[in-house]
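S.K.: the following block contains a protein sequence and its predicted model.
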Amino acid sequence: MLDYTLFLSLVVLVSVEHASLESAPLQIENEELTHVEAIRDVETPLNLTRTNFERLDILSNRSRYVARSCKEIMDRYGEREDGLYFLTTANGMVYQTFCDMTTAGGGWTLVASVHENSYYGRCTVGDRWSSQQGNNANLPDGDGNWSNRNTFGTAEGATSDDFKTPGYYDIVAEDMSVWHVPNNFPLDHWNLAAILRYHTSNRFLRLYGGNLFELFKRYPVRYNVGSCSNRGPAVPIVYDHGDKESTKMFYGPNSRAESEPGFITFRPINNERAAMAICSGVKPTGCNTEHYCIGGGGYFHPVQCGDFPSFDWDTAVNSNGWSASKEMREAAVLLFYR
Amino acid sequence: MLDYTLFLSLVVLVSVEHASLESAPLQIENEELTHVEAIRDVETPLNLTRTNFERLDILSNRSRYVARSCKEIMDRYGEREDGLYFLTTANGMVYQTFCDMTTAGGGWTLVASVHENSYYGRCTVGDRWSSQQGNNANLPDGDGNWSNRNTFGTAEGATSDDFKTPGYYDIVAEDMSVWHVPNNFPLDHWNLAAILRYHTSNRFLRLYGGNLFELFKRYPVRYNVGSCSNRGPAVPIVYDHGDKESTKMFYGPNSRAESEPGFITFRPINNERAAMAICSGVKPTGCNTEHYCIGGGGYFHPVQCGDFPSFDWDTAVNSNGWSASKEMREAAVLLFYR
Amino acid sequence: MLDYTLFLSLVVLVSVEHASLESAPLQIENEELTHVEAIRDVETPLNLTRTNFERLDILSNRSRYVARSCKEIMDRYGEREDGLYFLTTANGMVYQTFCDMTTAGGGWTLVASVHENSYYGRCTVGDRWSSQQGNNANLPDGDGNWSNRNTFGTAEGATSDDFKTPGYYDIVAEDMSVWHVPNNFPLDHWNLAAILRYHTSNRFLRLYGGNLFELFKRYPVRYNVGSCSNRGPAVPIVYDHGDKESTKMFYGPNSRAESEPGFITFRPINNERAAMAICSGVKPTGCNTEHYCIGGGGYFHPVQCGDFPSFDWDTAVNSNGWSASKEMREAAVLLFYR
């Protein structure tokens, strides 16, 4: 990470003390800076750019826009650049989120991200898209965030934690787009870093109330609401990055055998009558959906509860048995409307 | 939910595949849309209104207002419409919340909501108005949110989760108003949906520092701070929706026998020396306040800890024994200042 | 709290009913206000000042500033007053935080606070700077907030709960400042109430990427990443309030024997290979750093996990054995960049 040549020159200027409290099997550099003046004129060895105020002023001026969605920002103000914009709900609540202004005509609003914070926490803190209350059949909806107006997180943190904007329930949309972005990636690299990107184009949301909030009222993400045959709609997708073959390879071998790529599917139900929210990229043809569908109600087979319920079933470094690939397990699922 | 006539016409146009993996005892429709063009010109069967930009611009212009409370918005800018406004604390922190501009002269600021997320979680995640740390006598104040400057939630989500604004500690007020609104109701229907609405009119907050933050410094919501006889003030209320009789019926039969409707009471203490925050609509005349008073410190009888501590004691579909009515148990308590 | 003379005069005007349900060993006043008119013209006995709109307008106008840090606010707009300002990230995300515009030339941005919410919760809810997932060796980074873009809390709540702003990862800085402020103190009194305030002056952050987000990528706060000898840099500090002697007295006698005051140290590792984030005010010379360093990864000795991992080891009212002083244990640690 450090420019090594420059680092060596620093060693001359800076008094460095290596901690040596005991024998060190894993020696890491351990500087102690004491001479202030020595560093004063050293050019930074990292890419520390000065603030571009001209750019910052342009971004700040976006706070003048008044629109409920990125599509409206594009149509009303002619903006075509990806990035953060200010949106306003029908009630007047103002928030910021990311707009994809380029994919397939642009105008996509990031409304949510589903992020798995720990495969060891079974419906514990951080499992906002299933339950933070433990595995509990008495709480069949879990945290209920698929169909309420609770919001959390920030756009810049959408690959580091769960994210839900007022747009999730406020925007009236026709189609969805989904990005799988490796955890902790910064916003300006999401598009290029995504392992899978696709969108729907048949305006299916018109049939389900215009957004996921309404769709999941019609198909509740609730334990014991039905059986495996009662899943919600499966909608065909158009790939923006990746294809049917790569989609298959992101899930485990066993999952591939009971799903068909090229779709986004809503509210699957598994053998144990647990409900999930979204099967991203696939349509289930079997009933072990906990291994390849995300989100959920409040009750699962005990060791399967969570935002990515059982993507790690066969505890593997990479896809194996029912386990999804490491790439899929460690990527946040970003949901867009248009 | 779907317009059935229209749905039938859709069946003609759209390729629908019903999932039939096994015999389906609970048959739910399960469309799979494949023909994009078919849907293109279908009018939406739901009430998907276009964005009213004129209206949105008006709401956005409220961001120009500078005031610490809804009362000041009303007095300074002549606004008389219920809805979201921008407020500013004495230190300059800006936030949005709901203003009731019509009840009893208007000018009421929504400063908090107390929402019970699960009767099965005993002082677990989501119990911000009691404790998210389990039932613990070593943590007598629990999360301490009745008397600190921590904030959480959003106005639009105030019936889906706990809500606390900077106004809770910043606004200097004289009276309070309380709305009991069924969980998950949208902001624009709160007023009509509320099962109980009332306000105080004797300016009692002048005696307690001008807000609940100060009142609860004087009467700490803390385990073992006193006995049942040491409760805080009981203030008479004026009903805006409901009356003394309906108030009584919202609580369980046993609770009715040890409380008097027509009051809001602060910091009751029960037989086990657990402290609660608010008895909404009633003045206790007995000491089993955990069944009809909300919020609390960090320690209760083990199966009573929570934001609505023991409203479900006699596990009933409706009010029974000590159990409050289903209406009361599943309504968020919205707190306003003026 | 109440002005007693005035209170007595109120008793004449107001009908007060003392609750006397049973013998009261801890008699607290318990007013019940019934006469509205009586209170109407009573001057408030508390310091309830009217809103200063002139002042509020000035604070609100700060929303026009466009800058990424308090240093830039100072340089670009000539502001020299401590308080809340609006900042903008390189991506355009807008947020508010506290600026210290006076200490050692000013321009310090509050980017985070580390607040211990409960010494009884061992890596449970509220331990965002270590882990909210319990003590778990399988989750070596814990919540991972030292090196991700998740944010939480508010500036006004920074002494009541954990706080992290986008500035933590966005600002490119050279030095750090640290304030230890007693829990729940209001923002306008932080400076005077702080028990310890100091800053670095050797521009050490230039060597580590310009902020803690980058520094902790180089020195991960992760269980089992190395041994005690592999700690990160120890940087000399300049005191703004307190000195080396007072720093020593804030930690326990045993801690004093294995640390040297006058430094801020990053990513210490203890005997059990648990990683912490910051030793505030000291440089460890031994390996029991859990008693005087804060933050951490996801695994510790079972009863030591937490944001202030084991500051209460010898359960004492004041510093004793390995226990830090009550002052230190009950103060939030505020982190600034410049």
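M.R.: Perfect, thanks for sending it. Numbers count the residues shown, from 1 in each chain, chains lettered A, B, ... in the order given.

S.K.: assign the one residue in the stretch 51-200 of chain A that gets nearest to chain B to helix, strand or coil.
M.R.: Nearest to chain B in the stretch 51-200 of chain A, going by Cβ to the nearest Cβ, is residue A:92, at a distance of 3.2 Å. C-beta coordinates here come from the backbone N, C-alpha and C atoms, glycine included. Using DSSP: H, G, I helix; E, B strand; the rest coil, the structure places residue A:92 in coil.

S.K.: what's the local residue count around residue A:194?
M.R.: Neighbourhood size, residue A:194 [other Cβ atoms under 10 Å in any protein chain shown]: 21.

S.K.: show me the contacts for it.
M.R.: Residues in contact with residue A:194, defined by Cβ atoms under 8 Å, 6 or more residues apart in numbering or on different chains, are A:179, A:180, A:181, A:241, A:331.

S.K.: now with 10 Å?
M.R.: A:178, A:179, A:180, A:181, A:182, A:185, A:240, A:241, A:242, A:331, A:332, A:334 (Cβ atoms under 10 Å, 6 or more residues apart in numbering or on different chains).

S.K.: among these, which one lies nearest to chain C?
M.R.: Taking Cβ to the nearest Cβ as the measure, chain C sits nearest to residue A:185 out of the contacts of residue A:194, at 9.3 Å.

S.K.: list the contacts for the closest one?
M.R.: A:158, A:159, A:160, A:192, A:193, A:194, A:331, A:332, C:149.

S.K.: quick one, which of those residues are buried?
M.R.: A:158, A:159, A:160, A:194, A:331, A:332, C:149 (16 or more other Cβ atoms under 10 Å in any protein chain shown).

S.K.: farthest-separated two in those?
M.R.: The largest separation in these, counting by Cβ to Cβ, is between A:194 and C:149 at 16.6 Å.

S.K.: helices - which of the contacts of residue A:185 land there?
M.R.: Using DSSP state H, the members of those that fall in helices are A:192, A:193.

S.K.: buried residues in stretch A:169-188?
M.R.: Neighbour-count burial for stretch A:169-188 [16+ other Cβ under 10 Å]: A:169-181, A:183-187.

S.K.: tell me how far it is from the chain's mean position?
M.R.: Stretch A:169-188 has its C-alpha centroid displaced from the chain centroid by 7 Å (Cα atoms, centre = their mean, to the nearest Å).

S.K.: likewise stretch A:166-175?
M.R.: 17 Å.

S.K.: stretch A:195-208 too?
M.R.: 17 Å.

S.K.: straight-line length of that stretch, end to end?
M.R.: 28 Å (Cα to Cα, to the nearest Å).

S.K.: can you map out the helices along chain A?
M.R.: A:4-13, A:36-40, A:53-61, A:70-77, A:167-170, A:190-193, A:212-218, A:244-250, A:253-256, A:326-329.

S.K.: mean pLDDT for these: which is lowest?
M.R.: Mean pLDDT across these is lowest at helix A:4-13; the value there is a mean of 31.

S.K.: and stretch A:142-155, what's buried?
M.R.: A:142-155.

S.K.: likewise for stretch A:96-108?
M.R.: A:96, A:97, A:98, A:99, A:100, A:101, A:103, A:104, A:106, A:107, A:108.
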